[in-house]
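Asker: Pasting the sequence and the predicted coordinates here, then a few questions.
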2 protein chains.
Amino acid sequence: MITLYELAGADPALRFSPYCWRVRMALAHKGLEATTIPWRFHEKARLPGAPANTRVPILVDGSKVVAESQAIAFHLESRYANGPSLFGGPGGEAHARFILAWADNILIPAMAPIVAPAVLPLLHPDDRAYFRASREARFGTTLEDLAAKSSGRLAGFRDVLTPLRKTLSQQPFLGGDEPSYADYGVFGAFQWASCVGAPELLAADDALVGWRETMLDLFDGLAGQAVTAKEVQS
Amino acid sequence: MITLYELAGADPALRFSPYCWRVRMALAHKGLEATTIPWRFHEKARLPGAPANTRVPILVDGSKVVAESQAIAFHLESRYANGPSLFGGPGGEAHARFILAWADNILIPAMAPIVAPAVLPLLHPDDRAYFRASREARFGTTLEDLAAKSSGRLAGFRDVLTPLRKTLSQQPFLGGDEPSYADYGVFGAFQWASCVGAPELLAADDALVGWRETMLDLFDGLAGQAVTAKEVQS
């Protein structure tokens, strides 16, 4: 019996956290079912393991509470070792840590100024003041200013993707012939942007468009069928 | 019988190419002996497989000629499958491609403006005009201008290392508990800088200093005992 706490918008069906999407994809990769529980930034006291745990994703697997997406992935890999591997062995695990560190420290920070403005109106009203204040402090400017400048950031953002593009010109997935948790680690960021209706990040002729499409189609379209800002607002 | 063609300076003992150092380390990892042959940029006709092959490293292994460091690493991994693995299995191989793409497309280009000015005076006289012209075209400025500005580039360069630093805060090597070809792929760049006597790239308290030291000590100090600009000039 697995439960996953995920960040949600005002509409509880809207799940957009890049880190939570990693876990969703990892669970599907392992063929595991989970109950997902929507959570908002202001509900810290509701989290399993609170007050030590203050953020999602949090996975509750039987009596075990695991926080943080990478720790959850390693938990799933060892606990469900008989399922399809998320990492492709010890070498795959070790090298994946670099790809995840790149995604966390380079990719997501480069994407965040483009994505964050789209997040604000989708949040639960009680989350908005926190979100605005924390993000505006991080970026040193207003979300409205970021939104106005987002198209000017796209070229620089696309340059950041060079190592990804070069790798996926050699093999269909970061994991090789099959997707691995490294793919989910990177894809989670693109899914975040898609779910909140951020400006399109990739040029139409970017080779990464094909990889992103494939990721959206995995597991019977798990990510491709996600509720997005469009459904919520219509 | 393995032969490795390596870029050399005016002094044939000075071997500093980051791509050649990857191969040196990979050969040592596999426990393989090789004859290394110094080569200069102007000696294109001397390369095995010329005129198709125009650059080093080139490995000649029996009747097989393999060009390009990554191809050489994959060749060694499959040809000498009984030796210690360079990648730690298929997942390790797949994920290593991303780390190498990062090293080739982000790390080395970020390091090059700091390192290239130190290379010029060490080259064979017949290589210098080519090197100056090609690098000044690439950087859009003179090598002397790059040298004058290199200390101003260090902070930005060190930021580029964040994913490396984060990964190596979790495990001793990119390969996990043991070094892998991913470590050699990244270390080759640092060895390039050291061999030519470029300005120190890391702050004294950078956690990466320890990793670099360990890499220098591997295989009885193979990299640490390399001939550097200092020995050549004294």
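Answerer: All right, it came through fine. This one's a predicted model, so the numbers in the text were calculated from it and none came from an experiment.

Asker: residues contacting A:L208?
Answerer: A:L161, A:L164, A:R165, A:L168, A:L202 (CB atoms under 8 Å, 6 or more residues apart in numbering or on different chains). To be clear about C-beta, it is placed using only N, CA and C from the backbone, and glycine gets the same treatment.

Asker: Can you pick out the most distant pair from the residues you listed?
Answerer: Pairwise distances across the contacts of A:L208 (CB to CB) peak at 12.1 Å, for the pair A:L168 and A:L202.

Asker: Give me the more crowded residue out of the two.
Answerer: Legend: neighbour count by other CB atoms under 10 Å in any protein chain shown for A:L168 and A:L202, higher for A:L168 (23 against 18).

Asker: is it true that the more buried one touches A:L174?
Answerer: Yes - with contact defined as CB atoms under 8 Å, A:L168 reaches A:L174; the gap is 7.3 Å.

Asker: Tell me where the model's unsure across chain A.
Answerer: Counting by pLDDT under 70, chain A has low-confidence residues at A:233-234.

Asker: That one: strands as residue ranges?
Answerer: A:2-7, A:35-39, A:58-61, A:64-67 (DSSP state E).

Asker: and chain A, which residues reach chain B?
Answerer: Applying CB under 8 Å from any CB of the partner chain, one finds that chain A approaches chain B through A:85, A:87-99, A:101-102, A:104-106, A:162-164, A:166-167, A:170-171, A:173-177, A:180, A:182.

Asker: Kindly check the end-to-end length of stretch A:11-19 for me.
Answerer: 19 Å (CA to CA, to the nearest Å).

Asker: Check the offset of it from the chain's centre.
Answerer: 9 Å (CA atoms, centre = their mean, to the nearest Å).

Asker: ok, residues contacting that stretch?
Answerer: Contact with stretch A:11-19 is made by A:6-9, A:21, A:24, A:36, A:38, A:56-57, A:68-69, A:108, A:119, A:122, A:188-189, A:191-192, A:195-196, A:226-229, A:231-232, as judged by CB under 8 Å, 6+ apart.

Asker: again, only using 7 Å
Answerer: A:6-9, A:38, A:56-57, A:69, A:108, A:122, A:188-189, A:191-192, A:195-196, A:226-227, A:232 (CB atoms under 7 Å, 6 or more residues apart in numbering or on different chains).

Asker: Look up how far chain B lies from A:F131.
Answerer: Taking CB to the nearest CB, to the nearest Å as the measure, A:F131 falls 25 Å from chain B.

Asker: would you list every one of the helices in chain A?
Answerer: A:18-29, A:69-79, A:90-102, A:108-119, A:125-139, A:143-160, A:162-168, A:181-195, A:208-221, A:229-233 (DSSP state H).

Asker: Of these, which is nearest A:P48?
Answerer: With CB to CB, the closest approach to A:P48 among the helices of chain A belongs to helix A:69-79: 12.5 Å.

Asker: For the closest one, which helices and strands make contact with it?
Answerer: Applying 3 or more CB pairs under 7 Å, 6 or more residues apart in numbering or on different chains; DSSP states H and E, we find helix A:69-79 packed against helix A:18-29, strand A:58-61.

Asker: nearest to B:S134, of those?
Answerer: Of those, nearest to B:S134 by CB to CB is helix A:18-29, at 40.3 Å.

Asker: now the angle between strand A:2-7 and the closest one, please.
Answerer: Relative orientation of helix A:18-29 and strand A:2-7, computed by axes from the mean of the first three to the mean of the last three CA atoms, to 10 degrees: 150 degrees.

Asker: what's the angle from helix A:18-29 to helix A:90-102?
Answerer: Counting by the same axes, to 10 degrees, helix A:18-29 points 150 degrees away from the direction of helix A:90-102.

Asker: how much space between A:S150 and A:G9?
Answerer: Separation of A:S150 from A:G9 (CB to CB, to the nearest Å): 20 Å.

Asker: Give me the more crowded residue out of those two.
Answerer: The neighbour comparison of A:S150 against A:G9 (other CB under 10 Å) goes to A:G9, with 22 against 19.

Asker: Now the more buried one. Nearest residue, chain neighbours left out?
Answerer: Leaving aside its chain neighbours, A:G9 sits nearest to A:L122 (4.1 Å; criterion: CB to CB, 6 or more residues apart in numbering or on different chains).

Asker: ok, now which ones touch A:T3?
Answerer: For A:T3, the contacting residues are A:A34, A:T35, A:I37, A:V60, by CB under 7 Å, 6+ apart.

Asker: From A:N82, how far out is it?
Answerer: The gap separating A:T3 from A:N82 is 21 Å, by CB to CB.

Asker: Please apply the same query to A:P51.
Answerer: Distance, A:P51 to A:N82, using CB to CB: 35 Å.

Asker: same thing with A:S134?
Answerer: A:S134 sits at a distance of 41 Å from A:N82 (criterion: CB to CB).

Asker: What of A:A129?
Answerer: From A:A129 over to A:N82 the distance is 46 Å, taken as CB to CB.
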